[in-house]
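Participant: with the sequence up front, the predicted model follows.
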Amino acid sequence: MAWIMVLVAGMFEVGWALGLKYSDGFTRLWFSVGTLAATAISVGLLALAMRDLPVGTAYAVWTGIGAVGTAIAGIVLFGDAASPARLGCLGLIAAGIVGLEVVSPG
């Protein structure tokens, strides 16, 4: 269950990162409210997951999911660069996330 919480928390991290973009520096009310809500949910789920998972592992997986998810969303939604090198680096981060999950208790 803790890993599911980290996964969902990571997805909400992607949501709040995108919300930062759409809120336009917190000048758009509803995007700002959504960003703050996604941040609270993300951090709250991470905190719950850390009851059963090592802090370093949970945090690394959470940030990795957020980083890879946000980068992919940037490619899809905003036309960010998708060079083979960039995609390869995202693949390495994803492999690290999977590796941490495999070797960690919980």
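Facilitator: Right, received. Where do you want to start?

Participant: got the phi/psi numbers for the residue most central in space within the chain?
Facilitator: The centroid of the chain falls nearest to residue 66 when counting by Cα atoms, centre = their mean (1.8 Å). Residue 66 adopts backbone torsions of phi -60, psi -40, taken as degrees, to the nearest 10.

Participant: thinking it is in contact with residue 8, fair?
Facilitator: No: if you go by Cβ atoms under 8 Å, residue 66 and residue 8 don't touch, sitting 11.8 Å apart. (C-beta placed from N, C-alpha, C; glycine too.)

Participant: show the pLDDT at residue 52.
Facilitator: Residue 52 is assigned 95 on the pLDDT scale.

Participant: residues near the spatially closest residue to it that is not a sequence neighbour, how many?
Facilitator: For residue 52, ignoring the flanking residues on the chain, the nearest one in space by Cβ to Cβ, 6 or more residues apart in numbering is residue 2 at 4.0 Å. Using other Cβ atoms under 10 Å, residue 2 is surrounded by 17 other residues.

Participant: please identify the buried residues of stretch 48-57?
Facilitator: Within stretch 48-57, the residues scored as buried using 16 or more other Cβ atoms under 10 Å are 48, 49, 50, 53, 57.

Participant: give me the low-pLDDT residue ranges for the protein?
Facilitator: Along the chain, the parts satisfying pLDDT under 70 run over 106.

Participant: please redo it, this time with the cut-off set to 80
Facilitator: 105-106 (pLDDT under 80).
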